[in-house]
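[1] Show me the folded form of this:
(one chain, ligands or ions: 1)
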Amino acid sequence: MSRSGQGHDGEPIPMLEAADISVSLGGTRILSDVSLTAECGAVVGLVGPNGAGKTTTLRVLRATLSPDSGSVRVAGDPIDGLSSKQVSQRVASTPQATTLSFDFTVRQTVEMGRTPHLGRFERADSDDADAVDAAMERADVARFADRPVTSLSGGERQRVVLARALAQETPVLLLDEPTSNLDINHAVNTLELVAALAREGKTAVAAIHDLNLAARYCDELVLLADGEVRAAGEPREVLQSGTLADAFDAETLVTGQPGADAPLVTPLPDRESVDRTVHVVGTGGQAAAALARLVAAGATVSVGVVPAGDAAAERARDLDCQVVTVPPFAGVDGDSRQRATELARGADAVVVAGDVGDANESVVAAAERVVAVDGEGVPAIESPRTTVATVETLRDAVAGLPTDGELPREDRRVESREGQNR
Ligand SMILES: Nc1ncnc2c1ncn2[C@@H]1O[C@H](COP(=O)(O)OP(=O)(O)OP(=O)(O)O)[C@@H](O)[C@H]1O
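    Predicted structure coming up:
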């Protein structure tokens with residue numbers, strides 16, 4: 001092993017590196033030119049739909065499957081040049097299905113993790129016992145130590161196989177769906193443990209189905225679909241609606257996780273996209289919620305005038321919408337009002353939500369059609385050009401609008417004033 005951790009050029013050697021891996025099984029191409037790099041101390045998440053090739057990639061990384069082409073290096077050394085014992089001194093893995101069918105106790109099962117450190121027929125010593133105890137403690141299975149593994153629940157067994165991998169004391173951990181059977185508390189604890197192990201210097205590659213847990217706990221993600229890498233990088237770079245639509249064939253809304261610097265992916269029902277341009281006028285949480293719904297529905301959304309830093313302005317920025325902002329407490333200047341008015345005039349509809357403010361009166365007045373989101377601060381406007389909706393029904397209200405205006409502009413102005421005065 002290249003213990004210095006540095007190559008000849010002074011660059012750090014990745015702890016695990018796969019380059020251009022291709023695999024065919026039963027005559028079918030399963031992986032095509034898959035590459036990934038896990039630096040020392042990193043948690044890399046493998047994400048992607050069922051059948052994408054995550055488990056197959058992990059099998060190649062732990063050398064239980066030889067690729068047709070491509071190479072894997074562990075700490076700089078080609079894995080195919082290592083004996084199986086050497087591989088298991090460097091790489092520990094947990095399988096996807098935890099079928100521990102033999103009637104071993106939890107302790108005996110975790111002790112199996114010490115095998116790569118023992119000579120043939122050599123007995124475990126106190127160092128081994130300490131490693132087993134520590135592993136059981138960290139995976140929260142010490143209290144089951146003397147129970148047969150077959151008596152444990154699926155989630156408890158999953159933690160036992162993690163303990164077995166930890167007892168192996170390898171620099172690399174490969175985890176296939178480590179949280180699939182776990183309740184949310186144990187899922188979070190398990191990934192917190194993986195993150196803590198990484199901070200202590202271990203390198204982990206984990207196949208994780210839950211994109212939000214993956215986003216929160218992985219330094220980097222590799223998105224696989226149809227055996228190919230579709231995106232790789234920091235979670236924020238990888239988890240984007242367009243990329244996810246392509247890989248999962250599903251509509252998602254990507255926003256931010258509360259209390260964490262990580263994206264939040266919300267799957268959305270598979271419905272036809274709303275092909276409308278909408279200008280949102282309003283501030284606060286309700287306007288932010290309205291514009292998120294509209295973006296998720298496929299509408300082209302602009303926002304404003306809105307004070308910079310307002311929830312609606314922040315959400316618009318997150319979702320890459322055109323937004324007209326003014327500095328907080330600065331009032332609306334003529335130029336900003338003019339730009340927002342043009343956006344409203346060019347849109348199929350203006351959606352008013354949350355606190356609209358007097359300064360936006362002319363912006364609303366420029367609208368061909370208005371959808372008022374009923375709620376605190378928004379009057380239930382009634383006029384031929386105005387539809388009232390809730391945030392929940394907003395998508396259908398906008399989808400149902402005609403794209404061609406039917407009302408002459410003079411009428412619109414009158415109705416607008418009526419609407420504003422109530
Ligand atoms: N031995 C095999 N022979 C033929 N096809 C196989 C074999 N093993 C796996 N496959 C196929 O390879 C593809 C990738 O499987 P893999 O288990 O790597 O996907 P995955 O991303 O881990 O999926 P999941 O999220 O459902 O666990 C699947 O279509 C699977 O059916």
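
[2] residues in the stretch 151-300 of the chain within reach of the ligand, list them.
    Those residues of the stretch 151-300 of the chain that sit near the ligand, judged by CB under 6 Å from any ligand atom, are residue 207. (Each C-beta comes from the backbone N, C-alpha and C, glycine too.)

[3] Could you do the stretch 1-150 of the chain as well?
    So the stretch 1-150 of the chain meets the ligand at 25-26, 28, 30, 48, 50-56 (CB under 6 Å from any ligand atom).

[4] Which two of these have the greatest separation?
    With distances taken as CB to CB, the most widely separated pair in those is 26 and 48, at 20.4 Å.

[5] Looking at these two, which has the bigger crowd around it?
    It is residue 48, of residue 26 and residue 48, that has more neighbours when counted by other CB atoms under 10 Å, with 28 against 5.

[6] Would you enumerate the residues in contact with that one?
    Applying CB atoms under 8 Å, 6 or more residues apart in numbering, we find residue 48 in contact with 54, 223-225, 230, 247-248.

[7] ok, so what distance separates the spatially most central residue of the chain from the ligand?
    In the chain, the centroid-proximal residue (CA atoms, centre = their mean) is residue 211; its distance is 3.6 Å. Per CB to the nearest ligand atom, to the nearest Å, residue 211 is found 12 Å from the ligand.

[8] Report pLDDT for the residue lying closest to that residue once chain neighbours are set aside.
    Once flanking residues are discounted, residue 211 sits nearest to residue 265: 4.5 Å by CB to CB, 6 or more residues apart in numbering. With respect to pLDDT, residue 265 scores 89.

[9] strand partners of the helix or strand encompassing residue 265, parallel vs antiparallel please.
    Per DSSP states H and E, residue 265 falls inside strand 263-267. Sheet partners assigned to strand 263-267 using DSSP bridges are listed as strand 252-256 (antiparallel).

[10] ok, how many other residues are close to residue 335?
    10.

[11] Give me the distance from whichever strand or helix holds it to the chain's centre.
    Per DSSP H and E: residue 335 is located in helix 334-346. When C-alpha coordinates are averaged (CA atoms, centre = their mean, to the nearest Å), helix 334-346 and its chain have centres 35 Å apart.

[12] And the next helix or strand after it, what does it pack against?
    Next in sequence after helix 334-346, counting helices and strands by DSSP H and E, comes strand 349-352. The elements that strand 349-352 packs onto, with contact taken as 3 or more CB pairs under 8 Å, 6 or more residues apart in numbering; DSSP states H and E, are strand 277-281, helix 284-297, helix 361-365, strand 370-373, helix 394-399.

[13] Swap in 7 Å and give it another go.
    Here strand 349-352 touches strand 277-281, strand 370-373, going by 3 or more CB pairs under 7 Å, 6 or more residues apart in numbering; DSSP states H and E.

[14] For that strand, C-alpha coordinates in CSV please.
    Written as CSV, here are the backbone C-alpha positions of strand 349-352 (Å, rounded to 0.1, in the frame of the first residue of the first chain):
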residue,chain,number,x,y,z
ALA,A,349,-51.3,34.9,-15.8
VAL,A,350,-50.2,36.8,-12.7
VAL,A,351,-50.5,34.9,-9.5
VAL,A,352,-51.0,37.0,-6.4
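
[15] Adjacent strands (with direction) for that strand?
    Paired with strand 349-352 in the same sheet, following DSSP bridges, are strand 277-281 (parallel), strand 370-373 (parallel).

[16] now the shortest one: mean pLDDT?
    Think strand 370-373. 86.

[17] C-terminal to that strand, what's the next element?
    Past strand 370-373, the next helix or strand by DSSP H and E is strand 386-389.

[18] Give the other helices and strands that that next one contacts.
    Judged by 3+ CB pairs under 7 Å, 6+ apart, strand 386-389 is in contact with strand 370-373.

[19] And the strand it packs on, how far out from the chain middle?
    With CA atoms, centre = their mean, you get 32 Å for strand 370-373.

[20] got it, and stretch 288-297?
    Per CA atoms, centre = their mean, the centroid offset for stretch 288-297 relative to its chain is 19 Å.
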